[in-house]
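Student: following is a predicted model, sequence given first.
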Amino acid sequence: MDPLFFLLCLLLLVLLAVVFSLILFARPRPARVPLKGRHVLVSGGSSGIGFALARRAAAEGARVSILARDQTRLEEARDAIRLATGVDALVLVADVRDPAAVTSALEEAGPVDVLVCNQGVFLPLELEQQSMEEVRFTMDVNLMGTFHLIKAALPAMKRKAEETGVPASIALMSSQAGQVGVYGYSAYSASKFALRGLAEALQHEVIMDNIHVTLIFPPDTDTPGLAEELKRRPEITSIIAASAGGMKADDVAKKALNGIKSAQFVVPCNIEGTMLSIATAGLSPQPSFAWAFVEVMGASLMRLIGLFFQWNWFCAIEKWHAKKKCA
Ligand SMILES: NC(=O)C1=CN([C@@H]2O[C@H](COP(=O)(O)OP(=O)(O)OC[C@H]3O[C@@H](n4cnc5c(N)ncnc54)[C@H](OP(=O)(O)O)[C@@H]3O)[C@@H](O)[C@H]2O)C=CC1
Ligand SMILES: CCCCCCCCCCCCCCCC(=O)[C@@H](N)CO
């Protein structure tokens, strides 16, 4: 036999063995989380990505609740959702930093099938310049707020998932800055990386309750929040963020909702995001054997490409510093 042909056959056999073992071992097992007729609660549902998500969920026949601080913006969002879909969303006024307010909001809303923890603040600044008040505020809203939501929603969610036997979902809105640390985002990246630890641990704890955890990693997304952020974002932060491009809120919402429905653990939103997710797969749960295979095969290449990106970013930082010195 031709030795080259023999080697090719051997390679194919090894690859098939990998695929076959991943089909057997990929966990948690794949599931579908239906939306029609189910209760979807979106925190930060009055603006940007959260609003787009709530509207899409309503359009797919879900009962929707939106939670945020500002009642007027919530009511405007409710009216816009009604106009677009005919669905009357429930408005919940609460600050996620206040556990008592979150608990009573969830009592008012009733049992949830899909909890989307999407509220978030982003106040980019070099840590040396940033006040600890801003650091704490970022952690309180993005991380502690998410804990409060999950703690308040989980008992009733578990009961309902058990009674109905239909899979439920807890989705957390991270960011690509929750997969790679970025200049100006020390507080923000810390708060978003933390969500990953929370999500991985939580998935272990709730899998037997038929609850699937989903982590969403959007790039820069055109929202009222981003418009505010851009007024103060350091130039270098914007240069680095530009490597992943930008998206529209509705496109992110679509990706996110598809990820939730197919019970994916990690949901990247664009091509750069997919590469980033392969590079940072770590030990995260992976229900899809096909994606598990892509992760196994892509790991070293994506590490290499990631190092080139880091090279590029450090060059940009050096150049920017040199320019600042000359001026
Ligand atoms: N836009 C982007 O470029 C990206 C955004 N993300 C993440 O997506 C999520 C949504 O972002 P985006 O749509 O841009 O944000 P927006 O600023 O447009 O909207 C934020 C929403 O969160 C609510 N919110 C903020 N603070 C609190 C709080 N303390 N309690 C309750 N609700 C609160 C706001 O309402 P109110 O102020 O009335 O409380 C609003 O509904 C965030 O988690 C963000 O980190 C991730 C990657 C990129
Ligand atoms: C291995 C291949 C790597 C591929 C490229 C990776 C590029 C990463 C860029 C990170 C950008 C972070 C933007 C965060 C946006 C955000 O969260 C703020 N707008 C706040 O809302």
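Tutor: Perfect, I can see it now. Ligands and ions are numbered 1, 2, ... in the order given.
Student: from here on, just use CA atoms for contacts and neighbour counts.
Tutor: Will do.
Student: can you tell me the centre-most residue of this structure?
Tutor: I216 (1.9 Å; Cα atoms, centre = their mean).
Student: tell me the strands beside the helix or strand harbouring it, with direction?
Tutor: Taking DSSP states H and E as the definition, I216 sits inside strand 211-217. Taking DSSP bridges as the criterion, strand 211-217 sits next to strand 168-173 (parallel), strand 266-268 (parallel) in its sheet.
Student: what's the burial count for C326?
Tutor: C326 has 6 neighbours, counted by other Cα atoms under 10 Å.
Student: ok, now P3?
Tutor: Neighbours of P3 (other Cα under 10 Å): 8.
Student: from L10, how far out is it?
Tutor: P3 sits 10 Å away from L10, taking Cα to Cα, to the nearest Å as the criterion.
Student: now R27
Tutor: From R27 to L10 the distance is 27 Å (Cα to Cα).
Student: buried stuff in the helix or strand in which R159 is found?
Tutor: Counting by DSSP H and E, the element that carries R159 is helix 145-164. For helix 145-164, burial by neighbour count (16 or more other Cα atoms under 10 Å) applies to 145-150, 152-154, 156-158, 160-162.
Student: can you check stretch 10-19 too?
Tutor: For stretch 10-19, by 16+ other Cα under 10 Å, it's V18, V19.
Student: the residue in the stretch 1-150 of the chain that ligand 2 sits nearest to: neighbouring residues, count only.
Tutor: Of all residues in the stretch 1-150 of the chain, the one sitting closest to ligand 2 is F122 (5.2 Å; Cα to the nearest ligand atom). A count of nearby residues for F122, using other Cα under 10 Å, gives 21.
Student: where does the residue nearest to it when sequence neighbours are not counted land in three-state SS?
Tutor: The shortest distance from F122 to any non-neighbouring residue, by Cα to Cα, 6 or more residues apart in numbering, is to Y188 (6.1 Å). Following DSSP: H, G, I helix; E, B strand; the rest coil, we place Y188 in the helix state.
Student: verify the stated contact: Y188 with D140.
Tutor: No: when contacts are counted by Cα atoms under 8 Å, Y188 is not listed as touching D140 (10.9 Å).
Student: more neighbours: those two, which one.
Tutor: Y188 (28 against 20).
Student: give the contact list for the more buried one.
Tutor: Shown in contact with Y188 (Cα atoms under 8 Å, 6 or more residues apart in numbering): V121, F122, L123, P124, V135, T138, M139, A177, G178.
Student: who touches the second one in this structure?
Tutor: Counting by Cα under 8 Å, 6+ apart, F122 touches T138, Y188, G225, E229.
Student: same check, this time on I317
Tutor: I317 touches I236, counting by Cα under 8 Å, 6+ apart.
Student: okay, and it sits in which element?
Tutor: Using DSSP H and E, I317 sits within helix 289-326.
Student: any residue of that helix up close to ligand 2?
Tutor: Yes: contact of helix 289-326 with ligand 2 (Cα under 6 Å from any ligand atom) involves M302, R303, I305, G306.
Student: write the ChimeraX selection for whichever of those are buried.
Tutor: Selection of the buried residues among the residues of helix 289-326 next to ligand 2 in ChimeraX, burial being defined by 16+ other Cα under 10 Å:
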select :302,303,306
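Student: wait, which of the residues of helix 289-326 next to ligand 2 is closest to P34?
Tutor: Set against P34, the nearest of those by Cα to Cα is M302 (33.1 Å).
Student: tell me, how many residues neighbour A249?
Tutor: A249, neighbours per other Cα under 10 Å, totals 21.
Student: which parts of the chain sit against ligand 2?
Tutor: 122, 175-177, 219-220, 226, 240-241, 243-244, 272, 275-276, 279, 302-303, 305-306.
Student: out of these, which are buried?
Tutor: Buried members of the residues of the chain next to ligand 2, scored by 16+ other Cα under 10 Å, are 122, 175-177, 219-220, 240-241, 244, 275-276, 279, 302-303, 306.
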